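J.: build me a model from this:
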Amino acid sequence: MISKLLGWVARIAPWAIVAGLGYAAAFVQPTVEPLPLPQPLVEPRDHFLDVAGDGQGALWFAGNAGTVLSRDADGEWHRHELDRPVNLQGVARGAGRVVAVGNQGWVFTDAGQGWSARQLPVSDYAGKLIGVNYVDGAFWITGEMGVIFRGDGQGDWRALSLDADVGLNDLARADDGRLWIAAEFGNLFHSDDRGRTWQRRELQGETLQAIAFHGPRGVAVGNQGRIYLTEDTGATWRPVDSGTHEHLYDVVHDGRRWLAVGAGGVLLASESGRYWAPLEARGFSNGYHTGALPVANGLVVTGEDLGLVHQGNWTAWPAEEKE
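T.: Purely as a prediction, here's the structure:
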């Protein structure tokens with residue numbers, strides 16, 4: 001009896017296995033628990049166009065698609081994805097707040113409790129906010145179509161815009177308190193009443209991208225390697241030779257010399273603002289650089305890539321990505 005039973009089981013066992021496999025294929029859904037992929041600090045599409053610092057080692061970089069990269073004073077990096085994926089053009093820090101601005105009139109503010117967003121009233125056709133600076137206890141935003149806003153970074157923004165179809169790229173304060181804006185088509189605008197009224201100073205036709213002051217001297221830089229110098233706090237301006245025809249996007253003074261960055265890996269230096277020469281930085285990339293910030297141990301540069309110029313060397317950031 002037992003031998004007959006075992007023979008019968010042996011005959012049906014292959015069919016049982018096949019049937020079981022068919023059932024599993026039809027009704028059992030396999031599940032896979034994917035392992036989380038680490039988010040890289042920097043992606044090729046980011047292009048951080050501007051940088052701001054708190055003067056004590058913390059830095060913020062404004063990038064494409066609503067991305068802000070920050071580095072704290074201890075050298076730890078953080079990537080922030082804002083809730084509006086607009087391309088960011090400028091960033092500034094002051095009064096314990098960080099303000100980033102970008103396309104379509106969007107302004108983002110972080111006071112240490114996370115980022116908040118607000119859209120300012122701008123043109124439907126040219127609504128890019130280009131720059132933001134913290135000057136005289138206020139944030140100043142400049143943009144396309146003559147846009148100027150002044151605010152405290154807490155949501156109260158006052159429109160001080162020009163009635164002019166011109167892009168306003170950068171704002172700086174001279175030692176006499178006058179405000180200056182570098183603009184399209186070789187224009188400078190200045191105000192001596194905190195932005196209520198503006199006067200135009202027309203230079204040559206190339207767009208001016210950035211302006212900075214140190215003492216009675218001021219420097220404005222722009223497309224095609226244009227550099228203009230004032231030595232009397234803006235009363236007169238004259239062109240000086242930059243030695244390049246590459247676009248220049250930013251100019252700063254680090255306390256002892258002028259420094260300018262631009263396209264094609266251009267990095268220039270001048271003690272007086274009159275005579276400019278390339279600044280050697282081993283390993284410096286030949287891409288475009290749109291922002292520069294003097295820090296205690298060198299010059300932070302950002303744009304197509306970002307890093308630190310220090311003692312004739314270039315260190316690409318973030319360091320973790322290079323290990």
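
J.: what's the mean pLDDT across the helix or strand hosting Leu188?
T.: Assigned by DSSP states H and E, Leu188 belongs to strand 187-191. For strand 187-191, mean pLDDT rounds to 98.

J.: same question for stretch 277-286.
T.: Here the average pLDDT along stretch 277-286 is 95.

J.: quick one: buried residues of it?
T.: Along stretch 277-286, these residues count as buried under the neighbour rule (16 or more other CB atoms under 10 Å): 279, 281, 284-285. C-beta coordinates here come from the backbone N, C-alpha and C atoms, glycine included.

J.: and which of these is nearest Asp83?
T.: Closest to Asp83 out of these is Ser285 (31.5 Å), distances taken as CB to CB.

J.: who's in contact with the closest residue to the closest one other than its chain neighbours?
T.: In space, and not counting its chain neighbours, Ser285 is closest to Asp305: 5.4 Å by CB to CB, 6 or more residues apart in numbering. Taking CB atoms under 8 Å, 6 or more residues apart in numbering, we find Asp305 in contact with 285, 287, 316.

J.: wait, doesn't the last one sit right on Gly307?
T.: Yes - at 4.4 Å, Ala316 and Gly307 qualify as touching, with contact defined as CB atoms under 8 Å.

J.: how near is the residue nearest to Ser285 to Ile211?
T.: 25 Å (CB to CB, to the nearest Å).

J.: ok, now Val300?
T.: From Val300 to Ile211 the distance is 19 Å (CB to CB).

J.: so between those two, which is more surrounded?
T.: Between Val300 and Ile211, counted using other CB atoms under 10 Å, the more crowded position is Ile211 (26 against 23).

J.: per-residue confidence for the more buried one?
T.: pLDDT, read off for Ile211, is 98.

J.: so it, which state does it fall into?
T.: strand (DSSP: H, G, I helix; E, B strand; the rest coil).

J.: any idea what it is bridged to?
T.: Per DSSP bridges, the residues bridged to Ile211 are Ala220.

J.: that one and Leu179 touch, don't they?
T.: No - applying CB under 8 Å as the test, Ile211 and Leu179 come out as separate, 10.1 Å apart.

J.: name the residues contacting each of these two.
T.: Counting by CB under 8 Å, 6+ apart, the residues touching both Ile211 and Leu179 are 171-172.

J.: who's in contact with the helix or strand harbouring Asp170?
T.: Asp170 belongs to strand 168-173 when assigned by DSSP H and E. With contacts defined as CB under 8 Å, 6+ apart, strand 168-173 is touched by 130-131, 133, 135-136, 140, 142-144, 146-148, 162, 179-184, 189, 207-213, 218, 250.
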